[in-house]
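J.: Got a predicted structure here, sequence first:
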Amino acid sequence: MFVIKKGDNKVEVSPSEVDEILVLSSSLISTKALMVALSHGIDVIFLDSRENPWGILLPSVVTVTVKTKKAQYEAVLNNDTTYGEEIIKCKIFNQHIHLKYWTRSGIKTDYKELIGRDEPTAARIYWQNIALLLPKDIHFDERDADSADQFNMALNYSYAILYNRIFQYLVIAGLDPYLGFVHKDRPGNESLVYDFSEMFKPYIDFILVRAFREGFRLKIKDGLIDRESRSSLARIVVKGMDDKVKEENDHNPKTLVQAIRAHAVKLASSIREKRPYNGFKLVL
């Protein structure tokens, strides 16, 4: 049994009830507990103060994590495009759903134009419509990560928060976050993180459009978001990610964070078992 202590409180947990153990920077774990975990095929993930994984302890026998990574490498080496295609299809679908939400709210958008388009064309149409949804004082014309306008800078910062969450859950699911299906494999490039995030970005966009339409603004100093604005923006995004979101063909609403974790596990399982992956499709 694992014994978890906090102050005078003590809880015993059977290894059969544990999928993985997350060790925070402020936590202590005994070598006996590690031995029990590894003997039962339980991965141990060490997280830093920002909850980013900095190390994983694996048993010396083949585990689900090893099988998952091996299957992921095989899929990439065999040029299996199905996972990447599903992710991009879901991205465009979710962009469509985002714009459709505003049309239902009485603001006309070209949401119907996205379906059936290739990614570059869909992206151009999508961001043109986002520009029309935003107040004119924002001066947003198109998605440009290098632009100094408020909305592009907010997107960059908010996507970084999303990437952090996704990196964590992909690692926990046993996937290699640096080996993707869509974005190019380069040293230090979190390709799978960027791939996987595409399905969830339209909801982050929705959170930001809603905030800016309600009057939220950033303070820019020397070409950077000032500290107070960063804190305010982070609160908006983190709070939005804790919103309950509905997913197509799923009658149990989850928070966006829960959906990200569930789909990381789902993608890992699909790759490991060499079966199709059904991506995240938003309902707004």
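T.: Perfect, I can see it now. Numbers count the residues shown, from 1 in each chain.
J.: pLDDT below threshold where in the protein?
T.: Residue ranges of the chain with pLDDT under 70: 51, 59-63, 185-188.
J.: secondary structure class for the residue nearest the centre of the chain?
T.: Nearest to the mean C-alpha position of the chain, by C-alpha atoms, centre = their mean, lies I166 at 3.7 Å. Three-state call for I166 (DSSP: H, G, I helix; E, B strand; the rest coil): helix.
J.: quick one: it from R117, how far?
T.: 25 Å (C-beta to C-beta, to the nearest Å). In this view, the C-beta of every residue, glycine as well, is placed from N, C-alpha and C.
J.: What ranges does the stretch 51-200 of the chain have for its helices?
T.: 64-77, 82-104, 119-133, 150-172, 191-197 (DSSP state H, counting those that start in this stretch).
J.: Please identify the deepest-packed of the ones you listed.
T.: Comparing the helices of the stretch 51-200 of the chain by mean neighbour count (mean count of other C-beta atoms under 10 Å), helix 191-197 ranks first with a mean of 23.
J.: got the buried residues for the very next helix or strand once past it?
T.: Counting by DSSP states H and E, the next helix or strand C-terminal to helix 191-197 is helix 201-213. For helix 201-213, the neighbour count (16 or more other C-beta atoms under 10 Å) marks K201, P202, Y203, I204, D205, F206, I207, L208, V209, A211, F212 as buried.
J.: wait, what's in contact with the residue nearest to the centre of the chain?
T.: P177, V193, F196, S197, F200, I260, A264 (C-beta atoms under 8 Å, 6 or more residues apart in numbering).
J.: Widest-spaced pair of those?
T.: P177 and F200 (14.7 Å; C-beta to C-beta).
J.: Give me the more crowded residue out of the two.
T.: Shown here are P177 and F200; by other C-beta atoms under 10 Å, F200 has more neighbours (26 against 23).
J.: pretty sure that one contacts Q258?
T.: No - checked against C-beta atoms under 8 Å, the pair F200 and Q258 is beyond contact range at 11.8 Å.
J.: burial count for G223?
T.: That count, for G223 with other C-beta under 10 Å as the rule, works out to 7.
J.: Just want the phi and psi numbers for it.
T.: Taking degrees, to the nearest 10, you get phi 80, psi 10 for the backbone angles of G223.
J.: Please tell me how far the residue lying closest to it once chain neighbours are set aside sits from I138.
T.: Distance criterion C-beta to C-beta, 6 or more residues apart in numbering; nearest residue to G223, sequence neighbours excluded, is A148 at 6.0 Å. Remark: distance between A148 and I138 (C-beta to C-beta) = 12 Å.
J.: Can you pick out the residue with more neighbours from these two?
T.: Taking neighbours as other C-beta under 10 Å, A148 and I138 compare with I138 leading, 18 against 11.
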